[in-house]
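Asks: Need a 3D model of the sequence below.
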Amino acid sequence: PPGDFEQYNNIKRKERTVDTDEDCTSPHGTHITRIIAETAADPNYQFYQIADEHGEYDDRDLITAIVWATDYGADVLNLSLGSDHLADDNKDCGINGASCGIAEAAEYAVNSGVVLVSAAGNQSITESVCCPSLSEHSIAVGGCIARCTASIESRGGVVGPDITPPEAIWVHRPDNSGLSEVVCSARGCGPGEDCESNREITEWSGNPRFVAETPDTLAPAYFPVGSSNGPIMQRGTSFAAPIVTASVLNVLRIIKSEGKSVQPSVVGKHLRISGDEVGGVPVGVLNSFRFANELLTDKDLAKIRRKI
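Replies: Numbering: from 1, shown residues only. Next up is the predicted model:
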């Protein structure tokens, strides 16, 4: 967990499956934790450290972590990782769904009532779809981008900033050859302008090619990370998954407080049918408000209302 996280959050369990004495072998998990902490309503955490100092892990450690978390009573598992072994002859995964040790662990978790949310992968080829997101038991999350169309103008083929809106996030290409994205910050467009009309939601170009109804939903794939040279934007479905996880946690909290339960498959169904449409993509963008209300209605509970 990042910094003084333990002082202000409820951590129920910390386990380590990797052979190391380092508490933080990769900052990746820290970023994911921060996203959940900022978007979920005070959940209880379990942490399972499986990555080594190089950010790599063994499938067996992932399987162990899934089983342990299930046995220790987790309601939702966020898996911002995965094994892209769709085309690995040594593992039995096919485009009609996953069948391997990881998928079996996912099935065990879901059959025990755990909701699995997993990142779909970060390469736009079929072979990169990650397991367990390939599994029919997991909610697979792809990425989307909210572009700021008000802050782009063409000057002889060169993209440059307009004077408004001031809060747009300019993302440069890795080789500093120019701008690759102009991202909406959702902080407003300036006096008299409508942010909604200037926001364009599109599929993230790094999503794996859609296969076997994967992914199930899309969420923002960009995440700002501090560096010695100032903030940089990281991108990937790893950052999209915890946004969905937090949305699931928030509505499950309401359902459990009313003494009710819900099957993981029902959670996945409502995520799929409640998403906002994106042109040319066979899956919707996460709409947390609509998702929560459709699931609450399914359980005969009162809908939530937006704050005005």
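Asks: can you pull out the helices in the stretch 1-150 of the chain?
Replies: Counting by DSSP state H, counting those that start in this stretch, the stretch 1-150 of the chain has helices at residues 5-8, 27-39, 59-71, 101-111.
Asks: winner for burial among those?
Replies: helix 101-111 (a mean of 21; mean count of other CB atoms under 10 Å). Using the backbone N, CA and C atoms, a C-beta is placed for each residue, glycine as well.
Asks: Could you list every helix and strand in contact with that helix?
Replies: Other elements packing on helix 101-111 under the criterion 3 or more CB pairs under 8 Å, 6 or more residues apart in numbering; DSSP states H and E are helix 59-71, strand 115-119.
Asks: Adjacent strands (with direction) for the last one?
Replies: What it means is strand 115-119. strand 76-79 (parallel), strand 139-148 (parallel) (DSSP bridges).
Asks: what's in contact with that strand?
Replies: Applying CB atoms under 8 Å, 6 or more residues apart in numbering, the external contacts of strand 115-119 come out as 66, 75-82, 106, 109-110, 130, 132-133, 135, 137-141, 236-238, 240-242, 244-245, 248, 252, 264, 267-268.
Asks: Pull out the buried members of those.
Replies: 66, 75-82, 106, 109-110, 130, 132-133, 135, 137-141, 236-238, 240-242, 244-245, 248, 252, 264, 267-268 (16 or more other CB atoms under 10 Å).
Asks: picking that back up, just so I know, which of the helices of the stretch 1-150 of the chain lies nearest Ser288?
Replies: Nearest to Ser288 among the helices of the stretch 1-150 of the chain is helix 27-39 (8.7 Å), distances taken as CB to CB.
Asks: and the angle for the closest one with strand 115-119?
Replies: Taking axes from the mean of the first three to the mean of the last three CA atoms, to 10 degrees, one finds that helix 27-39 is oriented at 130 degrees with respect to strand 115-119.
Asks: tell me the mean pLDDT for helix 27-39?
Replies: If you average the pLDDT over helix 27-39, you get 88.
Asks: From the contact counts, what lies against that helix?
Replies: Going by 3+ CB pairs under 8 Å, 6+ apart, helix 27-39 lies up against strand 44-49, strand 222-225, helix 237-257.
Asks: ok, now with 7 Å
Replies: Judged by 3 or more CB pairs under 7 Å, 6 or more residues apart in numbering; DSSP states H and E, the packing partners of helix 27-39 are strand 222-225, helix 237-257.
Asks: mean pLDDT for these: which is lowest?
Replies: strand 222-225 (a mean of 80).
Asks: what sits against the spatially most central residue of the chain?
Replies: By CA atoms, centre = their mean, the chain has its centre lying nearest to Ala241, at 1.2 Å. Applying CB atoms under 7 Å, 6 or more residues apart in numbering, we find Ala241 in contact with 78-80, 117-119, 141.
Asks: one more time with 10 Å, if that's ok
Replies: 32, 35-36, 78-82, 117-120, 133, 139-143, 215, 217, 219, 221 (CB atoms under 10 Å, 6 or more residues apart in numbering).
Asks: What of Arg60?
Replies: 17, 50, 101-102.
Asks: so how far is whichever strand or helix holds Val266 from its chain's centroid?
Replies: Element membership for Val266, per DSSP states H and E: helix 264-273. Here helix 264-273 is found 15 Å from its chain centre; the criterion is CA atoms, centre = their mean, to the nearest Å.
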